[in-house]
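J.: Next input, structure requested:
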Amino acid sequence: MNYSTAVFLINNDVRAVVGTYESEDDLLPSKKPSSRTTFKTLDSTIKVGDFVVVPTDTRHKMTVVKIVEVDTDIDFDSNTQINWVISTLDKTSYEKTLALEQTAIAVMKSAELRKKKSELRDSIFKDQAESLKTLELSTVPPSPPKV
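T.: Presented below is the predicted three-dimensional model:
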């Protein structure tokens, strides 16, 4: 008997979920599809597309997989060890931080562009600032948006 599946006989709330270690979208055409691994969990909120931390024999004895199937059937005749999901991975805070950083970078790029434009204008047209203001092109309003 595969004792790693015995818990499915003891507790009806244990779920089998399937995860992949690599995104199938990221694979080169020459590589074969990522293998699918079944895990067990008591977390009823795990859904397809979630990332979860699972045990592994490499790194710090843990890694992340993406859930591609939930509530799968268990093969009680298989000798394959079924490991527990360690935890779900909530990327909300990380994604919010990335968005905040992108906003800050956009502000910095805009300020840098304005500074460069001002410095370039000053260095090229330093003595001609007043005569440039009198050019018709300097006062042409922007075109109205097309409807």
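J.: Tell me where this structure has helices.
T.: Applying DSSP state H to the chain gives helices spanning 7-10, 92-125, 129-133.
J.: for the last one, packing partners?
T.: By that I understand helix 129-133. The helices and strands touching helix 129-133, judged by 3 or more C-beta pairs under 8 Å, 6 or more residues apart in numbering; DSSP states H and E, number zero. Bear in mind the C-beta positions are built from the backbone N, C-alpha and C, glycine included.
J.: C-alpha coordinates for it, CSV please?
T.: The C-alpha coordinates for helix 129-133 follow below in CSV (Å, rounded to 0.1, in the frame of the first residue of the first chain):
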residue,chain,number,x,y,z
ALA,A,129,15.2,82.8,-26.2
GLU,A,130,13.2,86.0,-26.9
SER,A,131,13.4,85.6,-30.7
LEU,A,132,12.2,82.0,-30.5
LYS,A,133,9.1,83.1,-28.6
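J.: which other residues reach that helix?
T.: For helix 129-133, the external contacting residues (C-beta atoms under 8 Å, 6 or more residues apart in numbering) are Phe125, Ser138.
J.: Go again with 10 Å.
T.: By C-beta atoms under 10 Å, 6 or more residues apart in numbering, the surrounding residues in contact with helix 129-133 are Arg121, Asp122, Ile124, Phe125, Ser138, Thr139.
J.: quick one: that helix to chain centroid distance?
T.: In terms of C-alpha atoms, centre = their mean, to the nearest Å, the centre of helix 129-133 is found 50 Å from the chain centre.
J.: Would you mind listing the buried residues in that helix?
T.: Buried residues in helix 129-133, counted by 16 or more other C-beta atoms under 10 Å: none are found.
J.: most packed of the helices of the chain?
T.: Mean neighbours per residue, mean count of other C-beta atoms under 10 Å, is largest over those for helix 7-10, with a mean of 12.
J.: of all the helices of the chain, which lies closest to Val54?
T.: Nearest to Val54 among the helices of the chain is helix 7-10 (15.9 Å), distances taken as C-beta to C-beta.
J.: With only the CA atoms kept, save that closest one in CSV.
T.: Provided in CSV are the C-alpha atoms of helix 7-10 (Å, rounded to 0.1, in the frame of the first residue of the first chain):
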residue,chain,number,x,y,z
VAL,A,7,-4.9,10.2,4.1
PHE,A,8,-7.3,10.3,1.2
LEU,A,9,-9.1,7.4,2.8
ILE,A,10,-9.1,8.9,6.3
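J.: Appreciated, that's everything.
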